[in-house]
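1. Sequence and predicted model, in that order:
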Amino acid sequence: MKRLVPSVLRRATGSALAAAPATRVAAPTKIGLPGSSRLAAGFAFIPVMTMLLTAQAGACTPEEPVELGRAASFAVLGASTVTNTGGTAITGDLGLSPGTSVTGFPPGTVVGGSIHVADTAAAHAQVDLTAAYNDAASRTPATTIGTELGGTTVTPGVYNSAAGTFGITGNLTLDAQGDPDAVFIFQAASTLITASSSAVILTGGARAANVIWQVGSSATLGTDSSLAGNVLALTSITVTTGVSVNGRVLARNGAVTLDTNAISRSAGALSITVPGRADLGSAAAGAANVSGRLGEITVSDTRGDPNATWTATVDSTAFTTGGATAPETIAKRFVDYSPGPATNTTGSATFTPGTAGDLGSARIAFSAADGAGNNSATWNPTITVALPADVVAGTYTGAITHSAG
């Protein structure tokens with residue numbers, strides 16, 4: 001199984017209230033393993049009936065990525081024509097729909113993809129491009145900034161300009177501030193024009209896959225410039241001599257014109273997000289189990305794979321209290337995981353919850369198959385911990401680990 005890069009954990013705070021003395025469940029430290037996300041879960045087992053209540057702090061909701069769907073596998077997509085001069089190198093699919101004229105390949109080359117001219121794949125890509133364009137154009141609230149982006153540093157968010165245009169002369173720096181899932185959306189009601197030798201620089205973990213240039217008419221990229229992100233233009237895109245694009249140039253209604261360029265479809269990622277902690281509740285002596293919701297788990301696939309599939313697995317540690325002696329340990333085979341249905345999905349994949357069962361060994365939590373392009377799934381599993389007859393009173397903690405690949 002392919003393992004993830006370290007996942008982003010969405011932290012939450014918790015508090016405990018008890019009618020009789022009980023040990024407070026400590027807020028866990030941030031735990032991260034390559035290829036997985038772990039959250040600490042706890043419950044109190046005490047000799048009289050009591051309630052353990054948790055308050056979960058609200059968090060600022062980050063901007064969601066713009067889903068490209070079936071357009072995600074395309075590095076270049078046009079509507080009327082795609083015309084190339086010189087040795088353009090495209091990494092990813094090249095498509096045209098509904099037009100039928102693609103010229104200049106060769107000498108241009110396409111690697112890691114195919115040329116789709118007026119076929120089903122290109123038509124579907126145009127449908128999803130339209131949806132992505134409309135999504136990007138409708139994002140609010142947008143911060144109004146200057147038309148000239150060169151010489152500035154921009155942090156994640158949604159931006160427009162009073163003039164309805166954007167230009168880049170010199171360098172524009174996009175700073176994700178340490179968040180690899182940070183999203184940048186630039187809404188140009190009219191044009192995007194980059195000057196010769198200008199550049200978009202990604203820093204702080206920013207990824208080109210999460211940069212969107214929504215252009216209300218046409219985009220022109222100046223000679224020998226470099227652009228990071230996905231250009232979604234209503235009309236046409238002109239990529240002049242020597243331009244490199246780390247992303248995509250996708251035109252809804254017009255032509256894409258190329259000239260000795262390097263255009264590489266920006267690579268997304270498979271990531272997983274989990275809550276920082278969960279309190280499962282409490283039980284009186286003689287109770288059979290403790291059960292509670294773990295909180296929302298989300299797998300996001302922005303790799304743009306034309307055959308998008310992934311499988312998320314889940315595992316658990318034992319739950320312990322005190323010195324973790326035998327009577328103070330509940331083996332992980334007593335921990336039952338039920339994923340339940342998806343609470344939210346995006347993209348075209350078929351999402352399937354795993355079967356409920358114990359975590360004596362790792363099991364499938366959720367999976368996606370038969371998709372194309374980006375997708376995501378969110379679910380809120382239930383954890384049930386069976387209480388052995390000889391278990392002692394205490395506050396028990398364990399770690400539930402989700403991985404995806």
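-> On my side now, so go ahead.
2. Name the residues that touch stretch 140-155?
-> Under the criterion Cβ atoms under 8 Å, 6 or more residues apart in numbering, residues 157-163, 165-177, 182, 184-187, 195, 198 lie in contact with stretch 140-155. Just so you know, the C-beta spots here come from the backbone N, C-alpha and C atoms, and that holds for glycine as well.
3. In strands, which of the residues you listed appear?
-> Among the contacts of stretch 140-155, the members falling in strands (DSSP state E) are 157-161, 166-168, 171-175, 184-187.
4. circling back to that earlier point, for PyMOL, write a command that selects the buried ones of the contacts of stretch 140-155.
-> Buried residues within the contacts of stretch 140-155, by 16 or more other Cβ atoms under 10 Å, are selected in PyMOL with:
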select buried, resi 157+158+159+160+161+165+166+167+168+169+171+172+173+174+175+176+182+184+185+186+187+195+198
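5. Strand partners (parallel or antiparallel) of the helix or strand in which Ala312 is found?
-> Of the helices and strands defined by DSSP states H and E, Ala312 is found in strand 308-316. Sheet pairing for strand 308-316, assigned by DSSP bridges, gives strand 363-371 (antiparallel), strand 394-404 (antiparallel).
6. Now it: buried residues?
-> Per 16+ other Cβ under 10 Å, strand 308-316 contains these buried residues: Ala308, Trp310, Thr311, Ala312, Thr313, Val314, Asp315, Ser316.
7. For this structure, which segments count as helices?
-> 120-138 (DSSP state H).
8. residue contacts, Asp336?
-> Counting by Cβ under 8 Å, 6+ apart, Asp336 has contacts Ala356, Gly357, Asp358, Leu359, Ile383, Thr384, Val385, Ala386.
9. how close does it sit to Phe319?
-> Asp336 sits 12 Å away from Phe319, going by Cβ to Cβ, to the nearest Å.
10. quick one: common contacting residues for these two?
-> Residues touching both Asp336 and Phe319 by Cβ under 8 Å, 6+ apart: Val385.
11. quick one: low-confidence ranges for the stretch 1-150 of the chain?
-> 1-62 (pLDDT under 70).
12. tell me the contacts of the residue nearest the centre of the chain?
-> In the chain, the centroid-proximal residue (Cα atoms, centre = their mean) is Ser300; its distance is 4.0 Å. Residues near Ser300 by Cβ under 8 Å, 6+ apart: Pro65, Asp181, Leu270, Ser271, Ile272, Thr273, Asn374, Asn375, Ser376.
13. Asn210 too?
-> Pro65, Asp181, Ala182, Val183, Phe184, Thr302.
14. Ok, Ala121 next?
-> Counted by Cβ under 8 Å, 6+ apart, Ala121 has contacts Arg70, Asp93, Gly95, Pro306.
15. Check the gap between it and Asn246 for me.
-> Distance, Ala121 to Asn246, by Cβ to Cβ: 23 Å.
16. what do you get for Ala228?
-> Distance from Ala228 to Asn246, by Cβ to Cβ: 5 Å.
17. shared neighbours, the two?
-> Common neighbours of Ala228 and Asn246 (Cβ under 8 Å, 6+ apart) are Ala208, Ser266.
18. if we can go back for a sec, going by neighbour count, which of the contacts of Ala121 comes out on top?
-> Gly95 (32 neighbours; other Cβ atoms under 10 Å).
19. Okay, and the beta partners of it?
-> Applying DSSP bridges to Gly95 gives these bridge partners: Leu77, His116.
20. Kindly report the same for Ser338.
-> As assigned using DSSP bridges, the partners bridged with Ser338 are Thr382.
21. quick one on the thing from earlier: which members of the contacts of Ala121 define the maximum pairwise distance?
-> Spanning the widest gap among the contacts of Ala121 are Gly95 and Pro306, at 11.4 Å by Cβ to Cβ.
22. Wait, Val290 touches Ala278, no?
-> No: in this structure Val290 lies outside contact range of Ala278 using Cβ atoms under 8 Å: 11.6 Å.
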